[in-house]
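> I would like the atomic coordinates for the input below:
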Amino acid sequence: APPCPAPPGPAPRIGPLRWQSSFSQPGPAESGPSEGQVFLSESCVKRLLEIAEGSEFLRLQVEGGGCSGFQYKFSLDTVINPDDRQGQRGGARVVVDVDSLAFVKGSMVDFSQELIRSSFQVVSNPQAEKGCSCGTSFSVKL
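A predicted model of the protein is given here:
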């Protein structure tokens with residue numbers, strides 16, 4: 001039998017997070033098209049609302065390591081640190097520390113479900129030069 005074509009329809013809608021921080025700078029809001037913004041896909045928002053309990057939110061960190069130099073780390077957390085930037089969309093909350101935000105600004109966080117695994121992933125990261133096939137590791141543009 002021929003493979004089923006993908007159902008027609010709109011592409012997944014994404015939207016910018018609304019950031020709150022004690023480090024927000026006074027001045028004009030238009031400081032660049034994607035400065036400090038991380039986008040959440042519909043599937044990411046839906047999954048976060050399913051798994052986050054009470055005051056839990058998704059924490060996104062960038063750490064050294066992985067097969068390409070840097071790697072993404074996702075976890076559920078409840079503690080907000082002084083250098084964290086908070087964002088939310090549709091009731092789903094994401095927190096990124098200011099150092100990690102420099103590596104992921106302009107990116108989209110997606111929730112991917114495949115046959116062998118399901119996971120949060122950073123996709124279309126404009127700060128990344130290349131990534132690995134596992135989708136968790138990347139190298140930065142110099």
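
> Packing partners of the lengthiest helix in the chain?
Counting residues, the longest helix found in the chain (DSSP state H) is helix 42-51. Packing partners of helix 42-51 (3 or more C-beta pairs under 8 Å, 6 or more residues apart in numbering; DSSP states H and E): strand 92-97, strand 108-113. For glycine as for every other residue, the C-beta is placed from the backbone atoms N, C-alpha and C.

> weakest of those strands in terms of mean pLDDT?
Mean pLDDT is lowest for strand 108-113 among those, at a mean of 90.

> Can you name the element that comes right after that one?
Counting by DSSP states H and E, the next helix or strand C-terminal to strand 108-113 is strand 118-123.

> following the helix or strand containing residue 62, which helix or strand comes up?
Assigned by DSSP H and E, residue 62 belongs to strand 57-64. Downstream of strand 57-64, the next assigned helix or strand under DSSP H and E is strand 70-77.

> Give me the angle between the very next helix or strand once past that following strand and strand 57-64.
Counting by DSSP H and E, the element after strand 70-77 in chain order, helix or strand, is strand 84-89. Using axes from the mean of the first three to the mean of the last three C-alpha atoms, to 10 degrees, one finds that strand 84-89 and strand 57-64 are set 130 degrees apart in direction.
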